[in-house]
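[1] Sequence isn't available, so here's the structure alone:
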């Protein structure tokens, strides 16, 4: 193994703000604590507002990671995510299986997220504080 041409990659989180995003990746994953979950990677498609000095310049195409655990006490987060991605809340009470086909069906769905920045193990990280479905005006804006 030769590491001579490698560089340390760092990823700057998006600044705290409100973003229109699309699901870029959705994968089943086990958390470090051994709990089953879903890893989501959202790609920024539009900047609604930011609390940074760059006013959104260069943020289109940046990604925001998000995890939802599939244990009973955390299902609210999955429910919130699915409603934001446009699923009908009345139909979400029924059981469904989370598998790779289901994950692949989530790719390309859109929503609006509000992020905040926090420190995680000494590094800044963007966390999703709120999620919501696109309103009619937003749905037509980039269509």
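    In hand now; what should we look at? Everything numeric here is computed off the predicted structure, so don't read it as measured data. Residues are numbered from 1 along each chain as shown.

[2] need the contact list for residue 14.
    Going by Cβ atoms under 8 Å, 6 or more residues apart in numbering, residue 14 touches 44, 50, 59, 62, 64, 115, 126. Quick note: C-beta positions are derived from backbone N, CA and C, even for glycine.

[3] Now, those residues that are in strands?
    44, 50, 64, 115, 126 (DSSP state E).

[4] Strands of the chain, start to end?
    Under DSSP E, the chain gives strands at 17-30, 36-50, 63-69, 110-120, 123-132.

[5] right, so of those strands, which gets closest to residue 95?
    strand 36-50 (15.0 Å; Cβ to Cβ).

[6] is it possible to export the strands of the chain to JSON lines including mean pLDDT and distance to residue 90?
    Below are the strands of the chain laid out as JSON lines (pLDDT from 0 to 100; distance: least, Cβ to Cβ, whole Å):
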{"stretch": "strand 17-30", "mean pLDDT": "94", "distance to residue 90": "22"}
{"stretch": "strand 36-50", "mean pLDDT": "93", "distance to residue 90": "22"}
{"stretch": "strand 63-69", "mean pLDDT": "93", "distance to residue 90": "20"}
{"stretch": "strand 110-120", "mean pLDDT": "92", "distance to residue 90": "18"}
{"stretch": "strand 123-132", "mean pLDDT": "91", "distance to residue 90": "17"}
